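# Dropping a prediction and its sequence here:
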Amino acid sequence: MRTKLALVIAGAGLLLSAVPVLAHHAFAAEFDANKPVKLRGTVTTVEWINPHTWIHIEVKNPDGTTTEWMIEGGTPNTLLRRGLNKNSLPRGTEILVDGYQAKAGGSRANGRDITFPDGRKLFMGSSGTGAPQDGRDSSEK
Amino acid sequence: MKHRFLASLSILVVLSLMSITVTAQAPAAAATKAGTAKAWTPPRTPDGQPDLQGVWANNSITPLERPKALAGRALLTDEELSVLKRKAAELFSGDGDAAFGDALFETLLTDTQKFVSRGGQTGDYNQFWLVERDWDNRTSLVTDPSDGRIPALTEPAQQRQAANAGLRERPAAGPEDRSLSERCITFGVPRLGAAYNSYYQIVQSPGYVAITMETIHDARIIPLDNRPHIASNIRQWHGDSVGHWEGNTLVVDTTNYSPKSNFRGANEKLHIVERFTRVGPDTINYEVTVEDPTVWTRSWTAMIPLRRSNDLIYEYACHEGNDGLAGILAGARADEKAAEEAPRTGSSR
C-alpha cells in the first residue's frame, strides 16, 4: 500500500495540470495580476460583512500624505469560528499587506498575505515558515 | 469543468479553504461504507421523530469525485491517510492559497510543494479564511456509481457546457453573468460544498423539519404530512421539498426547481432525494441522490458525513449589491477599457 501511494504521489505530477484547480474566481475577475501591491498601514475600520471582510488601513505615502486602502478578505464567519472577533484588529494596529490592486484601480486590493510587522501572520500566531515557495514571492508557481 | 466550478460555487461556494490542521477526529466508522452503519438508536423529539436537531457542519476533505489516480479504491488505508494529513499540514501551514473543492484533496496526491490556486496570479484567500477539515478514509463522496465519479453528461448537456465554456472568463456585462452565490442569491439546494460556511441547523417540530443553511441564511421548511408537490408550473430557487420518515431516516424529495436555479447545470428537470440518518451522537450521514435525465445519463448519489458543531449558525448576510460583485463588474469595465485603448495608444497591458 505504501508503495502504491508513493507511486500515486510520484506519478501524479501530471495530474495537477489536468485537474481543474478551483479557485476563488472572483479574485481573478476583480484584481489585477499586473498590479501587485505591498502596503503597510494602520487599521482604521474592519467591516465584518459577507461575502467579504474589508480591512481598511491608513497608509503613509512617501510624500507624507496618507491614503486609505480597502483590503478584501474572506468571510467573517470563518474568523469567528477561529476565535477572532471584532476586537481582534483594533484601530491603530499596524499590518503589512501583500496583494493585488483592483483592476478598476483606486485604493482597493485583495489581502493575499497579511502579517504583523514582527512577521507573525495575521490570525496564525506564528511566524512564516521561511521555506522556499512559502507564498511570499508571487512569481513563484 | 467550468460548470463544476459554477456548481461548486453555488453549492460549495467558491471555495473551500483551509489551514489544515490534523484534527483528533477519528474517521466515523459509519461514514466509511454503506450498509455497515452501526444500529445506533437516536433519541426522539417530544412528538416522536428521531432527533436530528442541532448545528451540523460539512467540513469534509473528501473530494466529491474519486481522483483518477485512485480509481478502483473506495478507501485509503490508515497509513495512506496519515501520509496525506502530514502533507496537508506542511502544504497548508498557513501561507498557501485557499483550496476549494476537489482540488484540495487532489493536490495532496501530487508532488507539489505549494498549493497555488487557479487564480494564483492574483492570489486567493489565504488559508486562514478556512476552517479545519474533517478527514476520513473515503476517496469520494460519490457512492453510486461505484467508480466514485459522476456519470457522463447527456449529449445536449455536453453541448450546453461547450457553449457556456469561456463565458465566465469574459468580462461580465452585469450581475447576471456571475454565479448565483456571488450574487448572494443562493448557494443552491442541495449544497455539496464543504468548509466554506457549510453549516446547517436542524430544528424539528410536529409535522415539520426545518433546515437553516448558513449560506445564504435560507431556511428550508419541510412538511412531513405526505402532501403532494406544488403544481408543476410553480418554480422555486430551491425547488419544493416534502419529507417523510423511513425508520430513522428522514427522506426529503425535491422537485419544481426554477429554470434560473443551477445545480451543476441542472434546473427544471432536477429531482433530488436527500436522506438524513443520524448514525451516532455527533454524525448524520447525509445522502443525496441526483437525477436529471436532461443532464446526466443516469442518476448518482453522494454521501456526506455531517458532524455536530458546537458553533452557532452565524448569519451570512449579503446582498446582490455587495462590494465583491461591484468590484468584479468594475474590473470587467476596466478590462474592456484597456482592450479598447490598447490599439489606439499602441500599448498593451
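Yep, that arrived.
# When you work out contacts or count neighbours from here on, use the C-alpha atoms and nothing else.
OK.
# for chain A, what's the longest strand?
With secondary structure taken from DSSP state E, chain A has its longest strand at strand A:31-47.
# which stretches of chain B have low pLDDT?
Where chain B drops to pLDDT under 70, the residues are B:1-38, B:91-101, B:111-131, B:168, B:344-349.
# contacting residues around B:His271?
By C-alpha atoms under 8 Å, 6 or more residues apart in numbering or on different chains, the contact list for B:His271 reads B:253-255, B:290-292.
# what do you get if the cut-off is 6 Å, keeping everything else the same?
B:His271 is in contact with B:254-255, B:291, counting by C-alpha atoms under 6 Å, 6 or more residues apart in numbering or on different chains.
# Name the SS class of the residue nearest to the spatial centre of chain B, please.
Closest residue to the average C-alpha location of chain B: B:Gly193 at 1.8 Å, with C-alpha atoms, centre = their mean. Secondary structure state of B:Gly193, per DSSP: H, G, I helix; E, B strand; the rest coil, is coil.
# same thing with B:Leu81?
Three-state call for B:Leu81 (three-state DSSP): helix.
# So which of the contacts of B:His271 are in strands?
Cross-referencing those against strands under DSSP E gives B:254-255, B:291.
# Tell me the one of the residues you listed nearest chain A?
Nearest to chain A out of the ones in strands among the contacts of B:His271 is B:Glu291 (C-alpha to the nearest C-alpha; 24.0 Å).
# List the residues that contact the closest one.
Residues in contact with B:Glu291 (C-alpha under 6 Å, 6+ apart) are B:270-271, B:299.
# hmm, 8 Å instead?
With contact set as C-alpha under 8 Å, 6+ apart, B:Glu291 has these partners: B:270-272, B:298-300.
# Generate a ChimeraX selection restricted to the buried entries among those residues.
This is how ChimeraX selects the buried members of the contacts of B:Glu291, with burial counted by 16 or more other C-alpha atoms under 10 Å in any protein chain shown:
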select /B:270,271,272,298,299,300
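# Report the two of the contacts of B:Glu291 separated the most.
B:Ile272 and B:Arg298 (13.0 Å; C-alpha to C-alpha).
# Name every strand pairing with the helix or strand containing B:His244 and say which way it goes.
Assigned by DSSP states H and E, B:His244 belongs to strand B:240-246. Strand B:240-246 sits in its sheet next to strand B:249-255 (antiparallel), going by DSSP bridges.
# What is the subsequent helix or strand relative to the strand it pairs with?
Proceeding N to C from strand B:249-255, the next assigned helix or strand is strand B:271-280, under DSSP H and E.
# Would you mind getting the angle between that next one and strand B:249-255?
Interaxial angle, strand B:271-280 versus strand B:249-255 (axes from the mean of the first three to the mean of the last three C-alpha atoms, to 10 degrees): 160 degrees.
# Quick check: A:Arg81 touching B:Asp311?
Yes. Taking contacts as C-alpha atoms under 8 Å, A:Arg81 lies within contact range of B:Asp311: 7.3 Å.
# Please identify which of these two sits among more neighbours.
Set side by side, A:Arg81 and B:Asp311 show more neighbours around A:Arg81, with 18 against 13, by other C-alpha atoms under 10 Å in any protein chain shown.
# So which other helices or strands are in contact with the lengthiest helix in chain B?
In chain B, with assignment by DSSP state H, the single longest helix is helix B:323-345. Applying 3 or more C-alpha pairs under 8 Å, 6 or more residues apart in numbering or on different chains; DSSP states H and E, we find helix B:323-345 packed against helix A:25-30.
# Number of residues surrounding B:Glu169?
For B:Glu169, the count of nearby residues is 11 (other C-alpha under 10 Å).
# try B:Pro145
14.
# now do B:Arg170
Neighbours of B:Arg170 under the rule other C-alpha under 10 Å: 12.
# rewinding a little: in the longest helix of chain B, what's buried?
The neighbour-count check on helix B:323-345 (16+ other C-alpha under 10 Å) flags B:323-335 as buried.
# What of stretch B:212-228?
Buried, per 16+ other C-alpha under 10 Å, within stretch B:212-228: B:212-218, B:220-224.
# which ones among those are found in strands?
Among the buried residues of stretch B:212-228, the members found in strands (DSSP E) are B:212-213, B:218, B:220-223.
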